[in-house]
Structures are given as structure tokens and as C-alpha cells.
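Engineer: show me the folded form of this:
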Amino acid sequence: MTDVLRYDEAATRRLLAIYETPDVAAQREAFVRALALQPGERVLDVGAGPGLLAALIADTVGPGGLVCGVDISAPLLAAARSQCAGRPQLRFAEGDATRLPADDAAFDVAISTQVLEYVADVDAALAEMQRVLRPGGRAVIVDTDWDSIVWAAPDAPRCERVLAAWEAHAANVHLPRSLARRLDQAGFALRDVQVLPLLNATHREDSYSHRMVGLIADFVARCGGAAAEDARAWERDMSAQAASGSWFFSLNRYLFRADRR
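Structural biologist: You can find the predicted model right below:
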């Protein structure tokens, strides 16, 4: 059973706090470098969230370019518009990844970061990205394989149960394993794949892993019963792990670059 995360105003604030960590900020900068953008290019951000990446891209393509951020969540779009004011080349629209509000061949670049793993019909979303790109246009996609997570915990079996329950938060928690094939079938030529690790070898309160603890625990607790008990006990475990100086966390995201045929 999948219970994909929904973003109300409270969840939006929590997500923004995670996106503002130095770990995720560094990945945004690496992502923009991988895009190899040129001034004046037109970029579609599928699942733009609170708009932090779209703002960086808008600054890169400059006033002669265009960045359109699409998201299905009204609270996230409100946050994006608030965060990204003052950039006339940047606009946001409500829309679904499988029915993008854009004309055919309208963009030079289409991107999606940490989005397709939440989309039930990934192939439809890729077909839409292919449709809105000009011939030769670039698609750049980042998603996580949640089996790559390594998280030191004093009660390893309980940690494993909580992380297994957490996998219900997305529709495709192992998407990178099939993404190259899916891109080929959607009409893209794969250029390369890179690993983007998130590594916290020590504990910091402004780290990605620290801020994920509460998000994961709250999600798993909503399952009720033994899962809820595990979630709250695990949350206490992780506080103890941080206090003991034994923190270790690692998770891999994968960046795919492909060209529209």
C-alpha cells in the first residue's frame, strides 16, 4: 500500500526547512552545474516545489530566458511565488506531471528533481516531458533509491522496520533502477548517470538527516498500531544516537541526463 506524501501548509514548512539545509543546497548547485545552461534558454521544472531550484535556474538563464515551474500542490506554489519574487523570467503554474500545462516543443530543458518517484504513472510523465521539449532538448532527472539508505541506530531491527514502513511514502521508491529503460522507451537518448550522495558522518541540527527524522517518524506513526510505537521509539533512538556522537547517515540520489530524439 502506498500513502504518498501530501503537502499542506505545515508539511510545506517542514519540506522547506529540509530544502534549506546545506546538504540539499549543495545538491541544488551541483544540479545546476550539470544542466550546463546557456543564457536565454527556456526551462520547465516539473514538480518545482517551493521554487528554490527554479530561482537558481532563473538567475542562470537570465532575463532573456524563461523558467516555468509546475507543481500539483497549491501550498508549495504559494511558497514558491513568495520565495522567488522579483524574477520576471520565472513563473509558476499548477499542473500534473502527466498533463503538463505547456505547448509542444516549447522548452530547451525539462527537469524533475525528487518528483517522479511520487508519480504513479512515470511513463506518462516522461512522455509529457518528451512532448514539451524541442527536438534535441535536454531532460535532467534526479530521484532516490531508498534501498541505498545507511543509518546507524542503537536498535537496528527497529530502524529497519521504520524505514521499511517509510517506503510507502512514495509510489516508486526504487525508480532509478528502471529509469534508463523508461527514458529510452519515452524517446530519449541517455547521455549519462551520476550519483549524488547525501552524507552526514556526524550529527548537525541543520543536516538533511536530522530534519528527516521527524518527517519519517510522523509518516510512519500515522500507520497506527505497532508501527506508530516503533516510529516514536525510533525517534527517541535517533536523539540518543545524536547525543552519543555516533551519528552516521548516507543516501544516494541518481542524476540522469538525456536528450530528446
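Engineer: what's the span of stretch 68-76, first residue to last?
Structural biologist: 14 Å (Cα to Cα, to the nearest Å).
Engineer: which parts of that stretch are buried?
Structural biologist: Burial within stretch 68-76, assessed by neighbour count using 16 or more other Cβ atoms under 10 Å, is assigned to 68, 69, 70, 71, 72, 73, 75, 76. C-beta here means a position set from N, CA and C on the backbone, and glycine is covered the same way.
Engineer: give me the secondary structure label for the last one.
Structural biologist: What it means is residue 76. Under DSSP: H, G, I helix; E, B strand; the rest coil, residue 76 falls in the helix class.
Engineer: ok, now which ones touch it?
Structural biologist: 7, 12, 15, 48, 49, 50 (Cβ atoms under 8 Å, 6 or more residues apart in numbering).
Engineer: tell me which of the residues you listed is nearest to residue 161?
Structural biologist: The nearest member of those to residue 161, counting by Cβ to Cβ, is residue 15 at 24.4 Å.
Engineer: per-residue confidence at the closest one?
Structural biologist: Note for residue 15: predicted pLDDT of 88.
Engineer: also residue 81?
Structural biologist: pLDDT, residue 81: 96.
Engineer: next, it: secondary structure please.
Structural biologist: helix.
Engineer: report the contact partners of the spatially closest residue to it that is not a sequence neighbour.
Structural biologist: Of all residues not flanking residue 81 in the chain, residue 92 sits nearest, at 5.8 Å (Cβ to Cβ, 6 or more residues apart in numbering). Counting by Cβ under 8 Å, 6+ apart, residue 92 touches 48, 51, 54, 68, 69, 70, 71, 77, 80, 81, 84.
Engineer: closest one of those to residue 128?
Structural biologist: Nearest to residue 128 among the contacts of residue 92 is residue 70, at 9.9 Å by Cβ to Cβ.
Engineer: what segments of this structure are strands?
Structural biologist: In the chain, the strands defined using DSSP state E lie at 42-46, 66-71, 90-94, 107-113, 133-144, 150-151, 188-200, 249-260.
Engineer: could you give the angle of the second one to helix 74-83?
Structural biologist: This points to strand 66-71. Counting by axes from the mean of the first three to the mean of the last three Cα atoms, to 10 degrees, strand 66-71 lies at 150 degrees to helix 74-83.
Engineer: what residues of stretch 74-91 count as buried?
Structural biologist: Neighbour count says stretch 74-91 has 75, 76, 77, 79, 80, 84, 89, 90, 91 buried, by 16+ other Cβ under 10 Å.
Engineer: please read the previous query as pertaining to stretch 165-182.
Structural biologist: Under 16+ other Cβ under 10 Å, the buried positions of stretch 165-182 are 165, 166, 168, 169, 170, 172, 173, 174, 175, 176, 179, 182.
Engineer: any chance of those in JSON lines, plus pLDDT?
Structural biologist: Shown next, in JSON lines, are the buried residues of stretch 165-182 (pLDDT from 0 to 100):
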{"residue": "165", "pLDDT": "97"}
{"residue": "166", "pLDDT": "97"}
{"residue": "168", "pLDDT": "96"}
{"residue": "169", "pLDDT": "95"}
{"residue": "170", "pLDDT": "97"}
{"residue": "172", "pLDDT": "98"}
{"residue": "173", "pLDDT": "98"}
{"residue": "174", "pLDDT": "98"}
{"residue": "175", "pLDDT": "99"}
{"residue": "176", "pLDDT": "99"}
{"residue": "179", "pLDDT": "99"}
{"residue": "182", "pLDDT": "99"}
